[in-house]
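S.K.: got a structure for you, letters missing:
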């Protein structure tokens, strides 16, 4: 007599990897709450964009080190690079989250204002310049604002003057990505802190309108760094985005 084995349950497919791209003069510390929250359920990679002076080259570096297909999230400069990644290789990006960022090319007056900063940094004044680049009013009011400013300065000093110059040049010459946003067909999250004084909410509202079926999420009591200012609310928004059917 033959015995038919019981039908086994279908194996659960592995969770898609999550690639995080930090902002200007930031490293993995920018995403520490997200790494802790998500690394138990999926591979989490923090991209390194410190070696290039153009957004296009930064995107190529992300693609060279990323898994074959992945969820992609970037904050500030990281979001700018994420848009270039999905423009270059849309078939590799299963979903995208753009946080506290800007899809437009840099206006000439802003690009020109970076030149004195670059000169000062090359003269050894990186810490002073970071005080100009990351102003308290870019973050939400509260007792932890200055603590986060100090953390940003620590990350910048660890990365060094060369990275500041390269990333400043990349921002000056960044491509406009509004056409790219219109082509996105994967689950998309546009996220912004309500008090972001650097890349305000209105820009994210416009970005979300350009992306078909994008979801806009405004994080209360957060500014330009919601991943650190309000990690629980940010993680909840990211978790909903990761759970959307691809």
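M.R.: Yep, that arrived. As the structure is a prediction and not an experimental result, all values here were calculated from the model.

S.K.: for this protein, what spans make up the helices?
M.R.: 32-38, 55-65, 77-88, 108-122, 126-133, 145-159, 161-172, 178-183, 201-210, 226-229, 231-243 (DSSP state H).

S.K.: I'd like those helices written out as CSV, with mean neighbour count added.
M.R.: Quick note: C-beta positions are derived from backbone N, CA and C, even for glycine. Listed next are those as CSV, based on neighbours: other CB atoms under 10 Å:
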stretch, mean neighbour count
helix 32-38, 17
helix 55-65, 19
helix 77-88, 25
helix 108-122, 14
helix 126-133, 17
helix 145-159, 17
helix 161-172, 20
helix 178-183, 15
helix 201-210, 17
helix 226-229, 26
helix 231-243, 17
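
S.K.: Of all those helices, which one comes closest to residue 45?
M.R.: Among the helices of the chain, helix 55-65 comes nearest to residue 45, with 7.3 Å by CB to CB.

S.K.: What angle do helix 161-172 and that closest one make with each other?
M.R.: Relative orientation of helix 55-65 versus helix 161-172 (axes from the mean of the first three to the mean of the last three CA atoms, to 10 degrees): 110 degrees.

S.K.: For helix 55-65, what is the distance to the chain centroid?
M.R.: Mean-position distance between helix 55-65 and its chain equals 14 Å (CA atoms, centre = their mean, to the nearest Å).

S.K.: Can you name every helix or strand that it contacts?
M.R.: In terms of contacts (3 or more CB pairs under 8 Å, 6 or more residues apart in numbering; DSSP states H and E), helix 55-65 is packed against helix 77-88.

S.K.: List of residues touching the helix it packs on?
M.R.: Helix 77-88 is contacted from outside by 20-24, 26, 47, 49, 55-56, 58-60, 62-63, 72-74, 92-93, 96-103, 167, 170-171, 174-175, 177, 180-181, 183-184, 186, using CB atoms under 8 Å, 6 or more residues apart in numbering.

S.K.: Please list all residues in contact with residue 240.
M.R.: Residue 240 makes contact with residue 215, according to CB under 8 Å, 6+ apart.
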